[in-house]
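Chemist: quick one, fold the following:
(chains A and B)
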Amino acid sequence: QSVLTQPPSASGTPGQRVTISCSGSMSNIQYNYVYWYQHLPGTAPKLLIFRNNQRPSGVPDRFSGSKSGTSASLAISGLRSEDEADYYCATWDDSLTGGVFGGGTRLTVL
Amino acid sequence: QLQLQESGPGLVKPSETLSLTCTLSGGFIGSSSVYWGWIRQPPGKALEWIGSMYYGGKSYYNPSLKSRVTISVDTSKNQFSLRLNSVTAADTAVYYCARWPDNSGSHFWGQGTLVTVSS
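Modeler: From the prediction side, this is the model:
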């Protein structure tokens, strides 16, 4: 059972906008930065969002992050077939004094 | 450009110690304000943070693994290491070394290495 709760699956058709949620608590998301990663099989996770809503250079602006209270969200607009992957949120937890990852969301592009 | 590369045995027997090393190239492990960490992914499961070490400072470990884990740094070799004692089949996973957490927007992860625990 992950400290951060994500829906196990999400789906959309090409061109659509999808949102993936990440629910936490006051000890993690509320007062710490949230990261979002895209993970494809056989590769290292790729950083999509850092500091809640910042995109590293090279990440398309189709990807956006937001945070409100104890929850965070990743939005992907203009969905493409290559966006089909697993997505993870992560942050620091002050009570556990350590990092925490969500359970992951598998995105399917229909 | 900083690159990280994991190395170590791909097969470990139950009850023994898993040891992995992460070697840095293109950068110095002794950089200030940086955390060096390990993350793993068991087959079919989610990413799991194992621990992170702040260079020259404290180490932080996943509470569920804390009694079995040690992360250490060897500046002479520009490496950091993971030791996980008393392994079981549940420790079978792809292990990643990374600069984590990192709020700078940089993303430095190794490619990952599969470690199987089996007799």
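Chemist: can you tell me the distance between the two ends of stretch B:61-76?
Modeler: 24 Å (CA to CA, to the nearest Å).
Chemist: quick one: mean pLDDT over it.
Modeler: Across stretch B:61-76, pLDDT averages out at 95.
Chemist: ok, residues contacting that stretch?
Modeler: By CB atoms under 8 Å, 6 or more residues apart in numbering or on different chains, the residues outside stretch B:61-76 that reach it are A:96, A:98-99, B:29-30, B:36-38, B:48-53, B:55, B:59, B:79-87. In short, each C-beta sits where N, CA and C put it, glycine included.
Chemist: 7 Å - rerun?
Modeler: With contact meaning CB atoms under 7 Å, 6 or more residues apart in numbering or on different chains, stretch B:61-76 is reached by A:96, A:98, B:29-30, B:36, B:38, B:49-51, B:53, B:55, B:59, B:80-86.
Chemist: so how far is it off the chain centroid?
Modeler: Centroid separation between stretch B:61-76 and its chain, computed with CA atoms, centre = their mean, to the nearest Å, is 8 Å.
Chemist: okay, and the closest residue to A:L96 other than its chain neighbours sits in which element?
Modeler: The shortest distance from A:L96 to any residue other than its chain neighbours is 5.7 Å, reached at B:P63 (CB to CB, 6 or more residues apart in numbering or on different chains). Following DSSP states H and E, one finds B:P63 outside all helices and strands.
Chemist: OK, contacts around the residue of chain A most remote from its centre?
Modeler: Within chain A, A:S95 marks the point farthest from the mean C-alpha position, 21.4 Å out by CA atoms, centre = their mean. By CB under 7 Å, 6+ apart, the contact list for A:S95 reads A:S27.
Chemist: circling back: and for the residue nearest to A:L96, the neighbour number?
Modeler: Using other CB atoms under 10 Å in any protein chain shown, B:P63 has 12 other residues around it.
Chemist: if we can go back for a sec, quick one: the residue farthest from the centre of chain A from A:R17, how far?
Modeler: Distance check for A:S95 against A:R17: by CB to CB, to the nearest Å, it reads 34 Å.
Chemist: same deal with A:G42?
Modeler: Counting by CB to CB, the gap from A:G42 to A:R17 is 28 Å.
Chemist: then B:P63?
Modeler: 37 Å.
Chemist: need the residues of chain A near chain B, please.
Modeler: Counting by CB under 7 Å from any CB of the partner chain, the residues of chain A close to chain B are A:2, A:33, A:44-45, A:47, A:50-51, A:54, A:56, A:88, A:92, A:96-101, A:103-104.
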